[in-house]
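Trainee: my questions concern the predicted model and sequence given below.
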Amino acid sequence: KQEVTQIPAALSVPEGENLVLNCSFTDSAIYNLQWFRQDPGKGLTSLLLIQSSQREQTSGRLNASLDKSSGRSTLYIAASQPGDSATYLCAVRNAGGTSYGKLTFGQGTILTVHP
Amino acid sequence: DVKVTQSSRYLVKRTGEKVFLECVQDMDHENMFWYRQDPGLGLRLIYFSYDVKMKEKGDIPEGYSVSREKKERFSLILESASTNQTSMYLCASSFVARFSGNTIYFGEGSWLTVV
C-alpha cells in the first residue's frame, strides 16, 4: 500500500528565506505527483504537478523536483513571504494495484513565514 | 477556470439523520472523489468514481454511500449520521489517471457537524 511522508511537519522561517519541503513515497508506480496548498478552513489549491516522466516543474517562486526511482520529491520556495503561510500537501496519483487512479496524500507541512 | 462546487459549506445535523453532500464539476471530468480531512489523520479517501454509475470504495467507506447518476455530479450520502462523522469533506475531480498530466481539482470543502 502506498504511503506518503512529509518532512518537516512544521516549519517557521523569517521572511525572505529560501526553503525546502520534502515528500517521500514508498511505491514508485505513480502517474504523477502534485503539490497543493491549503489555507485554514479552505479546500486545496494545486500548485504544481510533475508527471512521472518529468524531473521538475517551476511556477514563479516555486520549483518542484521528482526522483521517482528513489521515491522523493522536494518543493523549493524562493524568497518566502508572509502570504506563503499555509499547509503544503503532496500527493501521488497511483498507477498500480488496488490504489490505481487514486491519490495518496502526505500529512502536510505547516509553514509559517513571519515578517 | 475549472470549478468544483460543493453546495453546502457548513451543515449541522442531528445524530441519525440522513445527510446528502453534493458536488458538481464543470470540466467533463470522468473521475470524481470524496475525501474527509481530520486533524492528525490527514486526507482519507471515502469513495472514488471513475465514470458515471461507477464507484469504488476508498480507505474508509463504512457509514457512507455515493451516487453518480450524471457525469458532472457526485453525491456523498451519510445514511444515518453519527458524531464521529463530524469532519471536513472535500470533493475533487480530474480526467482519467492514465493521462499523467491531469491535475486533480478540489472544491472548497463542506464542514459537517453532527450533534
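Mentor: In hand now; what should we look at? Treat the numbers as computed from the prediction; the structure is a model and nothing was measured.

Trainee: for the rest of this, base every contact and every neighbour count on C-alpha atoms.
Mentor: Fine.

Trainee: contacts only, for the residue in chain A that chain B sits nearest to.
Mentor: Here chain A gets closest to chain B at one residue, residue A:43, 4.1 Å apart by Cα to the nearest Cα. Residues near residue A:43 by Cα atoms under 8 Å, 6 or more residues apart in numbering or on different chains: B:90, B:106, B:107, B:108, B:109.

Trainee: at 10 Å instead, please
Mentor: With contact taken as Cα atoms under 10 Å, 6 or more residues apart in numbering or on different chains, residue A:43 is in contact with A:36-37, B:88-92, B:105-110.

Trainee: now residue A:80
Mentor: Applying Cα under 10 Å, 6+ apart to residue A:80 gives the contacts A:13-19, A:61-62, A:112-115.

Trainee: try residue A:30
Mentor: Taking Cα under 10 Å, 6+ apart, one finds A:2, A:51-53, A:68, A:71, A:92-96, A:100-103, B:97-98, B:100 in contact with residue A:30.

Trainee: for residue 74, pull up the helix or strand it's in.
Mentor: All of this is about chain A. Using DSSP states H and E, residue A:74 sits in strand A:72-77.

Trainee: oops, chain B please
Mentor: Assigned by DSSP H and E, residue B:74 belongs to strand B:73-78.

Trainee: chain center to that strand: distance?
Mentor: How far strand B:73-78 lies from its chain's middle: 6 Å, per Cα atoms, centre = their mean, to the nearest Å.

Trainee: quick one: strands adjacent to the strand holding residue A:74?
Mentor: Strands that pair with strand A:72-77, judged by DSSP bridges, come out as strand A:19-25 (antiparallel), strand A:62-67 (antiparallel).

Trainee: residues in contact with the strand holding residue B:74: which ones?
Mentor: B:4-6, B:16-26, B:31-35, B:46-49, B:52-53, B:62-69, B:85, B:89, B:91-93.

Trainee: just the ones of those in helices?
Mentor: Using DSSP state H, no member of those sits in helices.

Trainee: neighbour-wise, give me the winner out of the contacts of residue A:43.
Mentor: Greatest neighbour count in those, by other Cα atoms under 10 Å in any protein chain shown, goes to residue B:91: 31 neighbours.

Trainee: may I see the ChimeraX selection of the buried members of the contacts of residue A:30?
Mentor: Buried subset of those, written as a ChimeraX selection, criterion 16 or more other Cα atoms under 10 Å in any protein chain shown:
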select /A:2,51,52,68,71,92,93,94,95,96,101,102,103 /B:97,100
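
Trainee: which parts of chain A sit against chain B?
Mentor: Near chain B, the residues belonging to chain A are A:30-34, A:36, A:38, A:41-53, A:89, A:93-95, A:98-108 when assessed by Cα under 10 Å from any Cα of the partner chain.

Trainee: quick one on the thing from earlier: quick check: mean pLDDT across the strand holding residue B:74?
Mentor: Mean pLDDT, strand B:73-78: 97.

Trainee: can I get that strand as PDB, trimmed to CA atoms?
Mentor: What follows is strand B:73-78, C-alpha atoms only, in PDB (Å, rounded to 0.1, in the frame of the first residue of the first chain):
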ATOM      1  CA  ARG B  73     -22.400  15.400 -10.100                       C
ATOM      2  CA  PHE B  74     -21.100  13.100  -7.300                       C
ATOM      3  CA  SER B  75     -23.100  12.900  -4.100                       C
ATOM      4  CA  LEU B  76     -21.900  11.600  -0.800                       C
ATOM      5  CA  ILE B  77     -24.700  10.100   1.500                       C
ATOM      6  CA  LEU B  78     -24.500   9.500   5.200                       C
END
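
Trainee: partner strands of it, with direction?
Mentor: Here strand B:73-78 is paired, per DSSP bridges, with strand B:19-25 (antiparallel), strand B:64-70 (antiparallel).
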